[in-house]
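Engineer: when you get a sec, could you give me coordinates for this:
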Amino acid sequence: MKIIHTADLHLDSNLERNLSKSRAEERRNELLAMFRSIVGYAASEGAEAILIAGDLFDASFISRTALDAVISTITGNPGITFYYLRGNHDEGAFVEEFKSRAGKLPEHFRTFDENWTSYEQTGSDGTRITITGAEINRRNSVTLATSLVLDNDRMNIVLLHGQTADIKGKDDGEIIPIRDYRNKGIDYLALGHIHAPVIERLDSRGMYSYCGCPEGRGFDECGERGFNVITVDHDGLGVEFVPYAKRVIYDINVDISGLSDSEDIIQRIKDSALNSGVCSKDLMKAKLTGEIMIDTVIHKEYIKSVLEPEYYVVKIVDETRPHIDYNDFTNDASLKGEYVRLIKEELDAGNLDEETASEIIQCGIRLLVGDSNL
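Structural biologist: Here you go, the predicted structure:
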């Protein structure tokens, strides 16, 4: 029996912090299409259940488009059992709307509340598994693990949405004290909340996993994204992460030491992107690093405008450091030389540290040469 574990789709996210309005709208549609695609993948691969471990939606308001797409996708696939556990971003609006439209929730759509709820899933091959879940909140987070009772002779999957921690404390909200779930008879602890994929041993019997979000939404969600495929048979349980994102988000460091010409910097970024595996469909943040001459001007907007036609989204961040040899300015009679010597005097007097002095010199020199990027 195959089971898909997904989470953190955050449908209807705003997405306008890093994207233009039109790009944000396009990405919202792509996230919604991703849910349909995951279900399509499950159907084509013969998966018999999909675990949604929280944050299917991003906020309490859900657009009509998203509601229609999700509900029609679920109702249109009665051969797949959907297990939906709400996360900290989910509200009750989706389930209530689903009930309202259908009169009642379909048999193949199963939900959880703040108490442990268990369902039996029997595969077409006769494999039987128990799927148990509960929604974590401040009322139950501290005591939830102690109330979990499983049949050790059965194959057990447990769903939770929250942040794992080694210890528990008072009023921890969505904290999952991972050690309290060890030796409970869990074969697979299906988690949501963390957006990067993680598969780790839970104890000698089972494992726990964050499948991560299926699509990255910002530059804090870089790298491959997808979902887990769980395979259960009479011999046990296995899990595989499947990269599935339409677009990958990259955060690359580009050392431009010694470069001063914008065209050379652009080429260095392209080379670094190629070596990092960035494709034209992807989102890229290029962090410019290294030492540059103090009068070098980084034309970020120009560089971005040149690169944008070649990638889906480009962001340029300047983290370079100025290379300053104070001896070069000892006898410089220009205004620039006088300015550098004044800062050097403050540095020698202990009024500035080296990093601050370098930043002040770089800023001042750029003002003197008329850098419009300041």
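Engineer: the helix or strand in which Leu160 is found pairs with which strands?
Structural biologist: When elements are assigned from DSSP states H and E, Leu160 belongs to strand 155-161. Using DSSP bridges, the strands paired with strand 155-161 are strand 128-133 (parallel), strand 188-192 (parallel).
Engineer: so where is this structure shaky, pLDDT-wise?
Structural biologist: Residue ranges of the chain with pLDDT under 70: 167-173, 369-374.
Engineer: following element in sequence after the strand holding Leu160, please.
Structural biologist: strand 163-165.
Engineer: I'd like the distance from that following strand to the chain centre, please.
Structural biologist: 16 Å (Cα atoms, centre = their mean, to the nearest Å).
Engineer: next secondary structure after it?
Structural biologist: strand 175-177.
Engineer: picking that back up, now the strand holding Leu160 - C-alpha only, PDB.
Structural biologist: Provided in PDB are the C-alpha atoms of strand 155-161 (Å, rounded to 0.1, in the frame of the first residue of the first chain):
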ATOM      1  CA  MET A 155       1.300  -0.800  12.000                       C
ATOM      2  CA  ASN A 156       0.800   2.700  13.300                       C
ATOM      3  CA  ILE A 157       1.100   6.100  11.600                       C
ATOM      4  CA  VAL A 158       0.600   9.200  13.800                       C
ATOM      5  CA  LEU A 159      -0.100  12.700  12.400                       C
ATOM      6  CA  LEU A 160       0.900  15.900  14.200                       C
ATOM      7  CA  HIS A 161       1.500  19.500  13.300                       C
END
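Engineer: for that strand, the distance to its chain's centre please.
Structural biologist: Here strand 155-161 is found 22 Å from its chain centre; the criterion is Cα atoms, centre = their mean.
Engineer: okay, the strands paired with strand 155-161, which one's buried deepest?
Structural biologist: strand 188-192 (a mean of 28; mean count of other Cβ atoms under 10 Å). In short, each C-beta sits where N, CA and C put it, glycine included.
Engineer: can I get that one in PDB, CA atoms only?
Structural biologist: The C-alpha coordinates for strand 188-192 follow below in PDB (Å, rounded to 0.1, in the frame of the first residue of the first chain):
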ATOM      1  CA  TYR A 188       5.900   6.600  11.200                       C
ATOM      2  CA  LEU A 189       5.300  10.000  12.800                       C
ATOM      3  CA  ALA A 190       4.000  12.300   9.900                       C
ATOM      4  CA  LEU A 191       4.600  15.900  10.800                       C
ATOM      5  CA  GLY A 192       3.800  19.300   9.400                       C
END
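Engineer: the helix or strand just after that strand pairs with which strands, and in what direction?
Structural biologist: The helix or strand immediately downstream of strand 188-192 is strand 198-201, counting by DSSP H and E. According to DSSP bridges, strand 198-201 forms sheet pairs with strand 207-210 (antiparallel).
Engineer: same question for the partner strand: list its buried residues.
Structural biologist: 207-210 (16 or more other Cβ atoms under 10 Å).
Engineer: C-alpha coordinates for it, PDB please?
Structural biologist: Provided in PDB are the C-alpha atoms of strand 207-210 (Å, rounded to 0.1, in the frame of the first residue of the first chain):
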ATOM      1  CA  MET A 207      10.900   7.200  12.200                       C
ATOM      2  CA  TYR A 208       9.500  10.700  12.100                       C
ATOM      3  CA  SER A 209       9.400  13.100   9.200                       C
ATOM      4  CA  TYR A 210       8.600  16.600   8.000                       C
END
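Engineer: mind listing residues that contact it?
Structural biologist: The contact list for strand 207-210 (Cβ atoms under 8 Å, 6 or more residues apart in numbering) reads 5, 7, 164, 178, 181, 186-202, 228, 239.
Engineer: go through the buried residues of strand 207-210 and name the one nearest Gly133.
Structural biologist: Distances from Gly133 to the buried residues of strand 207-210, taken as Cβ to Cβ, are shortest for Tyr208 (13.7 Å).
Engineer: bridge partners for the nearest residue to the closest one once chain neighbours are set aside, pull those for me.
Structural biologist: Leaving aside its chain neighbours, Tyr208 sits nearest to Leu189 (3.7 Å; criterion: Cβ to Cβ, 6 or more residues apart in numbering). Taking DSSP bridges as the rule, Leu189 bridges to Val158, Tyr208.
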